[in-house]
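**Student:** Sharing a model prediction with you, sequence too.
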Amino acid sequence: TGNAVDAMSVNDLFNTLQSLDDELEKMESWIQDRATMIKPITDECRGIEEENRMLEQQWVSYETLGSELKRLLGGIVLPPSLMKVLENPGSVIVYDRSGAMDIDRSEQGVELIHQAGQALKLGIDAAEGQGGIHLRAVSDTVEVLSTTSNKFCGSLARIVVTVMEQLAKEVCSKPDASIGKGDTHTSIAKKIRESQRQFQASLLAYIKIIEVLALLKPDILPAVRDAYSELVAEGIMNKKRMKFYFASLPGRTSVKIANDVNFESKFPGRTSASVTHDLSEYAPVSLRHPNASDASGIIKPVNVEDIEAALSEMLPLIAREAYFTAALFGLSSRHLDGRQKKRNFEAAKKSVDNSSQYFRYYMNRICGIASSEDAEGKKVKGDAMLSLVASIHLNEAMDGYIDRNKKGGDHSLSLAYVRATILDLRKKVDKQWVIWVEDQIKWIRTNPGVPPNGKRAGIFASIARLPSFLDHVLICCKAGRPKDYTPNLAKIKVVSYYLQKMASALFASLNECAERETTDQQYAANVMRMENSYFFTQGIKQRGIELTTLFQKQITGASVICKQSTDAYLGWMIKREFKAMHSLFSNISRIRKDVGDADVPIHVPRAQFVRTLQKESSKEIMKEKIGVVYARMEKHLSESGGLLPVAWKALVKVLYEWFGRWEKLSTSCYKFILEPSAIDVVRIAKAASGSAASSGKRIIEGRPEKH
C-alpha cells in the first residue's frame, strides 16, 4: 500500500512538471514572437542613442576647441591701438612745420613704439611657445604679426637713422662747435668732445627704439650701426675736424710729413721732416770725446709732443665712442658666452674703427707710419725713428686703459677697444722700425770699408757709427721728458730684441771678416777682433747704464773676444821679437819637466845658455826690441780705437810674467841671474817708445800719433 502511494506521488509530480515545461515552451515562443515584432523599434532606438552620444561628444570637443583657440588667440591678437602703432610708427612721432622731427616732443611716441614692440614680441613668442601653429586661425594670425613685424622694424630703422642724421647736423652746426684758425689743439679737442657728448645724450632718448629692433629683428642692427658710425665719421669726427686738430699740434708733425716732398720750400733750413737716417750716415764716434757734439748735424729729436697730446686728448674720446656704441646697440651683455662676446666685440670694433677712421689716419701720420702702396690720396713717407719713439709712448699709454677692476660690460669693452687700437698702432710702428733695422743689418753684413787682408782695418764703419745711432735714440726717447727721465729700453721687447739683433750683426760681420781666407791670420785677425770688440764695449758703457743693461749679453761676449784675441796677439808679438829667448826657455822648461833642475845643463850646456842670453838679453838690446814692439803695436792699432794704451799696459804685464818665469828658470837651473830682470824689463817698457804714459796722454787728448 505504501509503495502504491509513492508511485502515485511521483506520477503526479511528473505530470505537473510536464505541464510546466509545456507552459514555458509556449511562453518562450510567445516572447520570441514579440521580440521579432519589436526588433525594428529597438534597432531604431539604439541608432538614436548612438547619434545622441556622438552629438554630445562633438559639443564637448567644440567647447574645448573654442576655449583653446580663445587661449591661443588671446596672446597673439593685439589691441587695435597697438596695431595702429605697429602698422605706422611714424604716426606717433611729432614733426615740426618744416617736416623735421621734433625730437623733444616725440619722447611719448617713442614710449608707445616701445610698448607696441614689446607686445608684438610677446605675441610672436606666445604663438611659438604655446603651440597651435598648425591651426589655420593661429597660423594666419602669426603670419600677419610676422609681416607687421618686418614692416614695423623697417620703419623704425628709417626713423632711427633720420633722427641720427638730424641730431648730427644740429650738433655740428652749432656756433660753439665750429673750428677756426684761432683754435688750439686743446680747444679743438674740447669742442669735438662736447659735440660728441651732446649728440650721444640726445640719441639716448631713442635707445628704446633700438631695443625694439634688437628684440624683433636683430639682423637689421648692423645696417643701423653702420649708418651711425658713418654719421660720426662724417660729422662729429669728420676729416676736416681731425685735420684741423692734428695740424694744430705743437710739432705740426702731420703737416710736415705730408709736405715732405717739398719740405725745403715750406720749411726752410731742413730738407726733410724725417729724423731717421741710415746707420751709414751717422758720424763715427771717438772714445776720447764721447760727449762731442754731432758733427754731421743729423741727430735731431722727434716731435713727441704731438704724440703725447693726441694720446692724452683723443683716446678718451675714442673710448667714449666705443662705450656708447656698445651701450646703444647692446653689444656687452654680461650673460653671453665667450664666443658671442668675441663676435660682439668684433662688431663694435668694426663700427668704431669706421667712426674713428680719420683719427687713425692722422695718428698713423704723426707716429711716422708710411702710407700703404694702395692708399688713396696723398702718400707720406715713414719715419722709423719717430715710429720707435711712438712705440714707447703707445706702450706707456696702454697702462691707462687696463681693466684692473674687471667690471665687465660696456666699460670693459670700451677699454678693450682702446687697447686694440693702441696695439694696432704699435704693430704698425714696430713693423716699420723693424724693416729699417733689417735694412741696416744688410748694410752691416756687407762689411763696408774692411780691406781684404784685414791689415790696419781699424774700427769697422758699422761699429764706429752704432754709438752715434744710439745717442740719437736716447735723445729722441728723452725728448719732451723730465731731465731725470731714463728710457728703460731693455723692458720693451721689440726695441730690445732688434737693437740686440743689430749689435749681434756687428759681431757676425767682425767674425766673418776675421775668418775669411784673405785675412792675415798671424796678427790682423786678432787685431781686428780686439780693437772692434774693445771699441764696442767702451762705446756702449760710455752711454750710461740703460744701454749697458740692454747690451749686457753682447758686452760680455765682446769682453771674451777682446781678451782671447789680445792674449793671442800679445803672445805673437813677444814670440816674434824675443824668438831666441822664447825658444831657449821653452826648451829648458820642457827638459826640466822630464829630468829636473839639476840635469838641465846636461841637455842645454851652461855656456850655450849664457852665450844666448848675452846676445839676446842685454839692456841695450832689450830697449831696442821693446821699442820695436811698441812701434809695431802703434802701427797695427788704429788711433780711433783707443786701444794702444790698454794693449801696451797688457803687454807690459805679459812681459813681466814671461821674464819672471824665465828669471826663475835661470836661477833654479843654472844659478845664473838674468839681466835685465823682470822688473827692469817693466821699467824699460814703460820708458820705451817715447814713454807709454805720454803716448797714452796724447791719445786721450786727441793729438795725432806717429806711425
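**Tutor:** Cool, got the structure.
**Student:** I'd like the next helix or strand past the host helix or strand of residue 125.
**Tutor:** Residue 125 is located in helix 107-130, with elements delineated by DSSP states H and E. For helix 107-130, the following helix or strand on the C-terminal side (DSSP H and E) is helix 136-172.
**Student:** and whichever strand or helix holds residue 418, what other elements does it pack with?
**Tutor:** Using DSSP H and E, the element containing residue 418 is helix 409-444. Helix 409-444 sits against helix 304-328, helix 338-355, helix 357-366, helix 384-398, helix 493-515, with contacts defined as 3 or more CB pairs under 8 Å, 6 or more residues apart in numbering; DSSP states H and E. All C-beta spots, glycine's among them, are computed from the backbone N, C-alpha and C.
**Student:** What ranges in this structure fall below the confidence cut-off?
**Tutor:** Low-confidence segments of the chain (pLDDT under 70): 1-2, 62-78, 99, 126-142, 253-273, 289-297, 331-338, 373-378, 407, 689-707.
**Student:** The residue most central in space within it and residue 409, how far apart?
**Tutor:** Nearest residue to the geometric centre of the chain (CA atoms, centre = their mean): residue 423, 3.9 Å. With distances taken as CB to CB, to the nearest Å, residue 423 is found 21 Å from residue 409.
**Student:** Specify the angle between the biggest helix by length in the chain and helix 136-172 in degrees.
**Tutor:** Determined from DSSP state H, the single longest helix within the chain is helix 2-76. Here helix 2-76 runs at an angle of 20 degrees relative to helix 136-172 (axes from the mean of the first three to the mean of the last three CA atoms, to 10 degrees).
**Student:** I'd like the next helix or strand past helix 2-76.
**Tutor:** Downstream of helix 2-76, the first helix or strand assigned by DSSP H and E is helix 80-87.
**Student:** export that next one as CSV, just CAs?
**Tutor:** Output of helix 80-87 as CSV, limited to C-alpha atoms (Å, rounded to 0.1, in the frame of the first residue of the first chain):
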residue,chain,number,x,y,z
PRO,A,80,43.7,97.9,-32.1
SER,A,81,45.6,100.9,-30.6
LEU,A,82,48.9,99.0,-30.6
MET,A,83,48.2,97.6,-34.1
LYS,A,84,47.8,101.1,-35.3
VAL,A,85,51.3,102.0,-33.9
LEU,A,86,52.8,98.8,-35.4
GLU,A,87,51.4,99.5,-38.8
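**Student:** Could you check how far it is from the centre of its chain?
**Tutor:** 52 Å (CA atoms, centre = their mean, to the nearest Å).
**Student:** Next: stretch 157-170.
**Tutor:** How far stretch 157-170 lies from its chain's middle: 36 Å, per CA atoms, centre = their mean.
**Student:** who's in contact with the closest residue in space to residue 390 that isn't next to it in sequence?
**Tutor:** The spatial neighbour of residue 390 that comes closest, neighbours along the chain excluded (CB to CB, 6 or more residues apart in numbering), is residue 367 at 3.9 Å. By CB atoms under 8 Å, 6 or more residues apart in numbering, the residues touching residue 367 are 307, 386, 387, 390, 394, 425, 428, 429.
**Student:** Residue 367 and residue 672: what is the separation?
**Tutor:** To residue 672, residue 367 is 77 Å away according to CB to CB.
**Student:** Test my guess that residue 360 contacts residue 421.
**Tutor:** Yes - under the criterion of CB atoms under 8 Å, residue 360 makes contact with residue 421 at 7.2 Å.
**Student:** Those two - which one has more neighbours?
**Tutor:** It is residue 421, of residue 360 and residue 421, that has more neighbours when counted by other CB atoms under 10 Å, with 23 against 17.
**Student:** so who does the more buried one touch?
**Tutor:** Applying CB under 8 Å, 6+ apart to residue 421 gives the contacts 315, 318, 356, 360.
**Student:** just the residues you listed now: which is nearest residue 213?
**Tutor:** residue 356 (24.0 Å; CB to CB).
**Student:** Verify the contact between the closest one and residue 237 for me.
**Tutor:** Yes - if you go by CB under 8 Å, residue 356 and residue 237 touch, sitting 6.1 Å apart.
**Student:** Which neighbours do these two have in common?
**Tutor:** Shared contacts of residue 356 and residue 237 (CB under 8 Å, 6+ apart): residue 321.
**Student:** Quick check: phi and psi on residue 101?
**Tutor:** Torsion angles at residue 101 (phi, psi; degrees, to the nearest 10) stand at phi -70, psi 140.
**Student:** neighbours of it, just the number please.
**Tutor:** Counted with other CB under 10 Å, residue 101 comes out at 20.
**Student:** And residue 144, by the same measure?
**Tutor:** A count of nearby residues for residue 144, using other CB under 10 Å, gives 14.
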